[in-house]
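>>> Task: produce atomic coordinates for the following.
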Amino acid sequence: MKRGKNWREAHGKVSRTQEYTLTDAIDFIKQNSHVKFDEALDIAVNLGVDPRKSDQTVRSTVVLPHGLGKTIRVLAFAQGDKEKEAKEAGADYVGGEELAEKIKGGWLEFDTVVATPDMMKVVGKLGKILGTRGLMPNPKVGTVTMNVGKVIKDAKKGKVNFRVEKGAILHASLGKVSFSQQNLVENTKAFMDAVYKAKPPSAKGTYVKKVTLSSTMGQGLKIKIADLK
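Purely as a prediction, here's the structure:
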């Protein structure tokens, strides 16, 4: 792929060995974003866990203090009073079997899914579709709940679900590059606080091994771990 002059110049400035402070890294990313869209600030965290072991799974959520800078479309599986609660909380789509049938037909115009426990008999049939896309409601991250109103409001504010992947890496987006430096710093630190709190008791040795920040189309910058605590 042929790269533009701005891309080549920006990547030529990045040291693969240097560790950047959080503020310096965000400044660099903001100053060297030259694409025609508002890029996301992405984070990759290498952890000292073995994701093949069930007792070393790292999975949790965090509501970023300054959101993600995009509209989150919420689908809620609920009925009765909880259907009303979901609608009042701002869910974009609320229902049951009729929504499940639409999803089976290929409809996926939503970003997160919430369900009350009694609706899991309907949602469970969508495991192969929602699960592979990271959209399956799960009680461990609070998306299977009777408190649908709060969960929907949190999702709309910028709630991030994260889970360690193969290779013991976490990936997430932390907002838009156009955010102020201070807002991106606070979002990043809030995310890392949640990662540290999710440390499995069985994890030994160094827990957070490497943290990298980048824009959507940019090269990763290695961040000083001590700057994130």
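
>>> From residue 171, how far out is the closest residue to residue 209 other than its chain neighbours?
In this structure, residue 209 finds its nearest non-sequential neighbour in residue 46, 4.5 Å apart by CB to CB, 6 or more residues apart in numbering. For the C-beta atoms, the positions are set from N, CA and C on the backbone; glycine is no exception. The gap separating residue 46 from residue 171 is 11 Å, by CB to CB, to the nearest Å.

>>> Contacts for stretch 148-162, please.
By CB atoms under 8 Å, 6 or more residues apart in numbering, the surrounding residues in contact with stretch 148-162 are 58-64, 66-69, 72, 74, 76, 78, 82, 85-86, 88-91, 111-112, 114, 116, 134, 141-143, 145, 170-175, 191, 194-195.

>>> Strands - which of these land there?
Restricting the contacts of stretch 148-162 to those inside strands, with DSSP state E as the criterion, leaves 59-63, 74, 76, 112, 114, 170-175.

>>> Below-threshold pLDDT in this protein: ranges please.
Counting by pLDDT under 70, the chain has low-confidence residues at 1-13.

>>> Strand 169-176 and the one helix or strand residue 27 maps to, what's the angle between them?
Taking DSSP states H and E as the criterion, the element that holds residue 27 is helix 22-31. Using axes from the mean of the first three to the mean of the last three CA atoms, to 10 degrees, the inter-axis angle of helix 22-31 relative to strand 169-176 is 60 degrees.

>>> mind checking how far the next helix or strand after helix 22-31 is from the chain centre?
Scanning forward in sequence from helix 22-31 by DSSP H and E, the next helix or strand is strand 40-47. Relative to the chain's own centre, strand 40-47 is displaced by 10 Å; criterion: CA atoms, centre = their mean, to the nearest Å.

>>> residues in contact with strand 40-47?
26, 29, 58, 68-69, 164, 168-177, 179, 184, 187-188, 191-192, 195, 203, 207-216, 220.

>>> now do 6 Å
The contact list for strand 40-47, computed with CB atoms under 6 Å, 6 or more residues apart in numbering, reads 168-175, 177, 184, 209-214, 216.

>>> Same question for stretch 114-130.
76-78, 82, 96-97, 100, 103, 136-137, 143-144, 146, 148, 151-152.

>>> Can you point out the buried residues in that stretch?
By neighbour count on 16 or more other CB atoms under 10 Å, the buried set for stretch 114-130 is 114, 115, 116, 119, 122, 123, 126, 129, 130.

>>> Which one of those is nearest to residue 34?
For the buried residues of stretch 114-130, the residue nearest residue 34 by CB to CB is residue 130; the value is 36.3 Å.

>>> what about stretch 171-181, start to end distance?
Stretch 171-181 has an end-to-end distance of 20 Å (criterion: CA to CA, to the nearest Å).

>>> And stretch 152-164, what's buried?
So, applying 16+ other CB under 10 Å, buried residues of stretch 152-164: 152, 153, 154, 155, 156, 158, 159, 160, 161, 162, 163, 164.

>>> Just the ones of the residues you listed in strands?
Among the buried residues of stretch 152-164, the subset assigned to strands under DSSP E consists of 159, 160, 161, 162, 163.

>>> Brilliant, that's me finished.
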